[in-house]
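1. Predicted coordinates and the sequence they were generated for:
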Amino acid sequence: MKFLPHTLLAYLSIGLQRGLGDLLSVGDARLDLVWLIALFFALSIPKAGGPLAAALTGLAYDLTGAGPIGWHAASLGLAAAAIGFLPANRWSRMAGAIVAGVVIAAIVAGILNGLRSLFGGTAAQYGFGGMFGTILLTGVFALPLSLPLWKWKRVFTVETARF
């Protein structure tokens, strides 16, 4: 199985995000590398495993103290399930699917943030302006980042078993 490159890329993205998080933000908007990598996993692993890999990457990110446990896991898992059916057989389609996943993940994260504050929890990291800025910043950064990921896709693609 080709899960070692996925694990290393997940650790690298989580480490860069946690270490350089302040440098990767503009005002309330932040560039989220973990979202990009988790959504790339959703496109490179077969249908059943893609959302699971994205959710586990989100859970690992949550366990580093990035947010409430399950917040990134749920938003990335649902976004990965939504984009999992999109064919990513060309670079432009893969980049479009990753940008669509970023939008879906940010909307789900905003809904979860609203539910959390509704039930007496503290408000999460950013409001609507920060969420829109995160969508814009991460979506714009997804385009140049998806090109090297497309070229290395054969390293990360997990094929279904053939019997």
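-> Arrived safely.

2. which residues does Thr134 contact?
-> 29-32, 106, 126 (C-beta atoms under 8 Å, 6 or more residues apart in numbering). Heads up, the C-betas are built off the backbone N, CA and C, glycines and all.

3. For Leu118, see how far away the most centrally placed residue in the chain is.
-> The centre of the chain sits closest to Trp35, judged by C-alpha atoms, centre = their mean, with a distance of 1.9 Å. According to C-beta to C-beta, to the nearest Å, Trp35 stands 24 Å off from Leu118.

4. likewise Arg30?
-> 23 Å.

5. now Arg93
-> Arg93 is 37 Å from Leu118, by C-beta to C-beta.

6. ok, now Trp71?
-> 15 Å.

7. what do you get for Lys47?
-> 33 Å.

8. Those two - which one has more neighbours?
-> The residue with more neighbours, out of Lys47 and Leu118, is Lys47; 11 against 8, by other C-beta atoms under 10 Å.

9. give the contact list for that one.
-> 84-85.

10. Run through who's touching stretch 14-34.
-> Contacts for stretch 14-34 (C-beta under 8 Å, 6+ apart): 10, 13, 57-58, 60-61, 64-66, 72, 76, 102, 125-127, 129-130, 132-134, 136-138, 141.

11. Who are the packing partners of the lengthiest helix in the chain?
-> Looking across the chain with DSSP state H, the single longest helix is helix 91-118. For helix 91-118, the elements it packs on are helix 33-44, helix 71-83, helix 128-151, judged by 3 or more C-beta pairs under 8 Å, 6 or more residues apart in numbering; DSSP states H and E.

12. Just name the most buried of these.
-> Highest mean neighbour count of the helices and strands packed on helix 91-118: helix 33-44, a mean of 27 (counted as mean count of other C-beta atoms under 10 Å).
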